[in-house]
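Student: One predicted model, sequence on top.
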Amino acid sequence: MSVARFVATVPPGTDPAAAATVAEDLLERWGEPHREYHTGDHLARTLSIVDANARLADDLMAVRLAAWFHDAVYDPVAAPGANEAASAALAIQYLAILDIDEERADEVARLVRLTAEHDPVPGDRNGCLLANHGMIATGDNLDKLLSHQISATKAVTDGTIKFKGNPLKLQAMLGISAPERM
């Protein structure tokens, strides 16, 4: 992960120095020593999954920004949803500093909060992509996920990717009629 990757995520015309400052803070947060799963590697995987599946988003910039913020605040003993709420508030604060329009900032915050339950409504393409980032895989992994009814609160795929939910629900939300190679 790099400052440059975040700076490339924000809209053209955004103050690059301000964007770099936000990126440095986010990267510092993702590197906190108390994190086990919600690390910089998790952020990198999430961004890679979002980028590989960019065609699924209605507002790719909002999804990418939400990926950067989705676990920015992480307290392993926090009440359910507290980390997501705090991360969404941080997103609103930082996106205002970066002069990101309010509508997009609100969408970013909504997406971040959505990761608490990982349960977007059907047709919410942005929410589906971000909230299910751990479920969306590439190649054969997606075929396996979509061809089996897997319902779990936490599971591990290939020893690294954790997911929640049912891949058939993901398939229905995305309007995929059959397993699709990414």
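Tutor: The structure has been received and is ready for your questions.

Student: rest of the way, CA atoms for contacts and neighbours
Tutor: Will do.

Student: just checking, V22 touches Q93?
Tutor: No - under the criterion of Cα atoms under 8 Å, V22 is not in contact with Q93, lying 10.4 Å apart.

Student: The two - which one has more neighbours?
Tutor: Between V22 and Q93, V22 has the larger neighbour count (other Cα atoms under 10 Å), namely 20 against 12.

Student: pLDDT score for the more buried one?
Tutor: On pLDDT, V22 comes in at 95.

Student: residue contacts, it?
Tutor: Neighbouring residues of V22 by Cα atoms under 8 Å, 6 or more residues apart in numbering: Y94.

Student: what stretches of the protein score poorly on pLDDT?
Tutor: Low-confidence segments of the chain, defined by pLDDT under 70: 132-182.

Student: Tell me which residue is most central in it.
Tutor: Compute the mean C-alpha point of the chain, and by Cα atoms, centre = their mean the closest residue is A67, 3.3 Å away.

Student: What separation is there between that residue and I97?
Tutor: 18 Å (Cα to Cα, to the nearest Å).

Student: How many neighbouring residues does H34 have?
Tutor: 12.

Student: element containing the residue nearest to the centre of the chain, please.
Tutor: helix 60-69 (DSSP states H and E).

Student: just A18 next, same as before
Tutor: helix 16-30.

Student: again, but for R5
Tutor: helix 3-9.

Student: my guess is the residue nearest to the centre of the chain contacts L43, does it?
Tutor: Yes - A67 is within contact range of L43, at 7.0 Å (criterion: Cα under 8 Å).

Student: measure T14 to E32 for me?
Tutor: From T14 over to E32 (counting by Cα to Cα), the distance is 27 Å.

Student: How about the contacts made by E24?
Tutor: V3 are the contacts of E24 under Cα under 8 Å, 6+ apart.
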